[in-house]
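quick one: sequence and predicted model below, then my questions.
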Amino acid sequence: MVQQTFEGEVLTEPVVVEREFETVDMNINIGPQHPATHGVFRMVLTVDGEIVKDAIPYIGYMHRGGEKLSENLDYRGALGYQDRTDYLAAFNSEWVYVNAVERLAGIEIPERAEYVRLILAEFNRLLSHFMFMGAFGTDVGYFGTAFTWTFKERERIQDLFEAVCGDRIMYNYFRVGGLAWEPHETFIEDSHWVLDQVEVGISDVDELMTDNEVFVARCRDVGAMTADEAISYGVTGPMLRASGVPFDLRVEEPYSIYDRFHWEIPVGERGDVYDRYLVRLEEMRQSVTILRQALDQMPTSGPIEPERMPARLRPAPGEIYMRQENPRGEYGIYMVSDGTDKPWRVKMRSPCFHNLSSLKPQVINTYLADAVVALGSIDIVLCEVDR
Amino acid sequence: MTSRRTPAAPEEPPSNEPPPGSIADTYREVMPLVNFDAALTKGDDVALTIPSDSIHEVIERGREDERLQMNLLRNQTAVDWEERGLEIVYHLYSIPLRQAVTIKSWLPAEGAIVESVTDIYEMANWAERECREMFGIEFIGHPDPRNLLLDEDLDIHPLRKSHPLAPIEMEQGVDVEFFTKEYPPPEPAEEEAPAPEAAAAAPERKRVEDMTEEEREERRAEQAERVARARELAAVRRAERLAGAPPAGGPRPEGAAPPPPPAAAPAAAPAAEAAPSAAPAQDDRPPAPPPPELPTIPDAEEDPEGRAAAQAERVRLGRELAAARRAQLRGD
């Protein structure tokens, strides 16, 4: 083709030389020791430029054989191990275990113990979500502020736990049949006081993060999962609810005394990281609602243990799959009894384990920086993943 | 630790039959050709036991059928019943219809093979990997059958009841000697050297509150003497470290002789009670290959080339030692 300019010059077509550049995919190893992995977790990302093409997660660095150990201990002895799985929600994990043993052995527990358990477990949910807000804020870029603000509230809840059971992380307070001992005298007043403080703390987090432009830009449409995809991966808890499925075991298969309270299940729309954050934030407010009702209804006196408890538990042969809603999702204990004083099989269904397995579809074809945010939004506890 | 007991030999006593109209009947209607043994668990779930060759079909139809809609595989695991075989368990849930069911099936203890359900639920990918490594069940059609929680090279099935807690790992080269070493019972001559004093004192041991003033004085003097002896020993050890006799802080090669006793040790021998640090019975360890003589590494400023060469030599010797140990463990 020949072009003619206004001056009459004749220009030939510019020569375009096409050269092929070979791009090489690069493997990036993240972890096992890395601040963004929230524990001992390793993933190998294959990146093309900054786009993640493949992700291979490696877990098991914290595998301690908890199921095998529980099978070699008696029913009461393995309880302390539950604190060491999900150490951010130890009360919830303990609760599932003691509930499983009680259902298996047919033990009725007093109403007051049930209330104390529920209150402590809901407080623990608050604590765990505060921890998420802090850690996730650090992932997204609030170095310091989110962490210190949320840890201030977490500290208040931990002080309450310390007053109740003498420990701040590994509580070991629930017992098969009830509780280890009475909560302290001013438990209800203290709880109300903590709730007053925590409500302000939730608003603080809300104001700090929800409308922040940078935060929204980092989180919107990152790691989005459809409802079908999430269900297929066995994702439960806030992640599943963020994808629009109102699946909460407290309502779905009500256990304990959750049918006595009124609250709402927050549900997301897009299933992305931002929705997961919003669902957790709203869940904290709903937990406060549950706690207020429970503290008002709780009997102020009464037994915390059944009158008669067998010295050695020997449940009749049978099996149970006890599942409850932990802060991270469905925590299940599958327990098989063979009639002796040790469980024949204990399987812990860890919510983080299955939530983490859905990481791969979330991070493929996204930016490398978004992969870290998607991982943070899963809210993993590696001790629970590896058990 | 071996298997602690055998399971009850007779079959499980029949659990409650699920009530009519339960999900067991729905399954029977949907799949009339499959034999369902229904039972009610302690958690009031319906457990259906099916033949192992129809697992994939039952789970797939369960997900697709309008009356079942089991769209969530919430848990998948297995139970080892020793001579009765393995029991594989699937916990399913239908979110739209709010119903739960447990699908179980019996597999032979050796050579258990199941069709993978990863094509139905993505969740089964990791669950089956875990089940495979923990119980040795092979899943046909699994896209990625690697170890998940265990080390990549390990070929063990820890949740089998026949699996003791340590020795198999040792055979495969994992160093668990630290956990499994059985120390011989303490020799009375060694352990009870200071026993006459202790034995004499033991029956008369009083609580401090009950002591008279003189006895308290005596006790304080005794403690002060013990502290002085411990300090003396510590000073000797410190001097020895500074002299550089053993490599400072570095791991001692396996089976190497304990450090030579300090010169002042005879004088401070009773103080060993106050600061017991030497591992008991070093000589009773199983025979290990003789440790190679490791070259000392010269200082970087004095002799850089020599330092590099010595380091390379140490690495080579270490590899050789590791290979020899591995060969020995395999060969035995």
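Yep, it's here.

taking chain A, what residue is nearest to chain B?
A:Gly234 (3.1 Å; C-beta to the nearest C-beta). C-beta here means a position set from N, CA and C on the backbone, and glycine is covered the same way.

which residues touch the residue nearest to that residue when sequence neighbours are not counted?
Closest residue in space to A:Gly234, ignoring its immediate chain neighbours: B:Met123 at 3.1 Å, by C-beta to C-beta, 6 or more residues apart in numbering or on different chains. Applying C-beta atoms under 8 Å, 6 or more residues apart in numbering or on different chains to B:Met123 gives the contacts A:Ser232, A:Tyr233, A:Gly234, A:His354, A:Ser357, B:Leu73, B:Gln76.

wait, the residue of chain A closest to chain B sits on A:Ser350?
No. Contact criterion C-beta atoms under 8 Å: A:Gly234 and A:Ser350 do not qualify, at 10.6 Å.

so for stretch B:46-55, what gets flagged as buried?
For stretch B:46-55, the neighbour count (16 or more other C-beta atoms under 10 Å in any protein chain shown) marks B:Val46, B:Ala47, B:Leu48, B:Thr49, B:Ile50, B:Ser52, B:Ser54, B:Ile55 as buried.

ok, back up a step: so what's the residue of chain A closest to chain B up against?
A:His354, A:Ser357, A:Ser358, B:Leu72, B:Leu73, B:Arg74, B:Tyr121, B:Glu122, B:Met123, B:Ala127 are the contacts of A:Gly234 under C-beta under 8 Å, 6+ apart.

out of the residues you listed, flag the one nearest to A:Pro246.
For A:Pro246, the nearest member of the contacts of A:Gly234 is B:Leu72. The distance, counting by C-beta to C-beta, is 13.4 Å.

can you get me a residue count around that closest one?
A count of neighbours around B:Leu72, defined by other C-beta atoms under 10 Å in any protein chain shown, yields 26.

what pairs with it across the strands?
For B:Leu72, the beta-bridge partners under DSSP bridges are B:Tyr93.

surely it meets B:Ile95?
Yes. Assessed by C-beta under 8 Å, B:Leu72 is found in contact with B:Ile95 at 5.7 Å.

how much space between the residue nearest to A:Gly234 and A:Tyr233?
As judged by C-beta to C-beta, to the nearest Å, B:Met123 and A:Tyr233 stand 5 Å apart.

same check, this time on A:Tyr258
A:Tyr258 sits 26 Å away from A:Tyr233, going by C-beta to C-beta.

more neighbours, these two?
A:Tyr233 (28 against 19).

so that one touches B:Thr118, yeah?
No. Assessed by C-beta under 8 Å, A:Tyr233 is found out of contact with B:Thr118, at 11.3 Å.

still on that earlier bit, quick check, the residue of chain A closest to chain B in a strand?
No. Counting by DSSP: H, G, I helix; E, B strand; the rest coil, A:Gly234 is not found in a strand; it is coil.

got phi/psi on it?
phi 70, psi 20 (degrees, to the nearest 10).

ok, now A:Pro343?
For A:Pro343, the backbone dihedrals (degrees, to the nearest 10) come out as phi -70, psi 140.

and it, how many residues sit next to it?
That count, for A:Pro343 with other C-beta under 10 Å as the rule, works out to 27.

check which residues of stretch B:106-114 are buried.
B:Trp106, B:Leu107, B:Ala109, B:Ala112, B:Val114.

what residues does the stretch 51-200 of chain A have near chain B?
By C-beta under 8 Å from any C-beta of the partner chain, the part of the stretch 51-200 of chain A that sits against chain B consists of A:Ile59, A:Gly60, A:His63, A:Gly65, A:Glu67, A:Lys68, A:Asn72, A:Arg103, A:Leu104, A:Gly106.

my read: the second one touches A:Arg387, true?
No. Look at A:Gly60 against A:Arg387 with C-beta under 8 Å: they stay out of range, at 9.8 Å.

which neighbours do the two share?
Common contacts of A:Gly60 and A:Arg387, defined by C-beta under 8 Å, 6+ apart, comprise B:Leu149.

contacts only, for the nearest residue to A:Arg84 once chain neighbours are set aside.
Spatially, and ignoring its direct neighbours in sequence, A:Arg84 is nearest to A:Cys383 (6.3 Å; C-beta to C-beta, 6+ apart). A:Cys383 is in contact with A:Gly39, A:Met62, A:Arg84, A:Thr85, A:Asp86, A:Tyr87, counting by C-beta under 8 Å, 6+ apart.

quick one: the strands in chain B?
For chain B, the strands defined by DSSP state E cover B:37-40, B:46-50, B:72-80, B:86-94, B:99-107, B:113-115, B:138-140.

likewise for the stretch 151-300 of chain A?
Here the stretch 151-300 of chain A has its strands, by DSSP state E, counting those that start in this stretch, at A:174-175, A:178-179.

nearest to A:Phe91, out of the ones you listed?
A:Phe91 lies closest, by C-beta to C-beta, to one member of the strands of the stretch 151-300 of chain A: strand A:174-175, at 7.2 Å.

about what we covered before: please pick the buried ones from the contacts of A:Cys383.
Buried members of those, counted by 16+ other C-beta under 10 Å: A:Gly39, A:Met62, A:Arg84, A:Thr85, A:Asp86.

ok, now which ones touch the third one?
Yep, that's A:Arg84 we're talking about. Each residue near A:Arg84 by C-beta under 8 Å, 6+ apart is listed here: A:Arg64, A:Gly66, A:Met170, A:Cys383.

more crowded one of A:Gly60 and A:Arg387?
Taking other C-beta under 10 Å, A:Gly60 and A:Arg387 do not tie; A:Arg387 has more neighbours (27 against 21).

could you say which of the strands of the stretch 151-300 of chain A is packed most deeply?
By mean neighbour count, with neighbours taken as mean count of other C-beta atoms under 10 Å in any protein chain shown, strand A:174-175 ranks first of the strands of the stretch 151-300 of chain A at a mean of 24.
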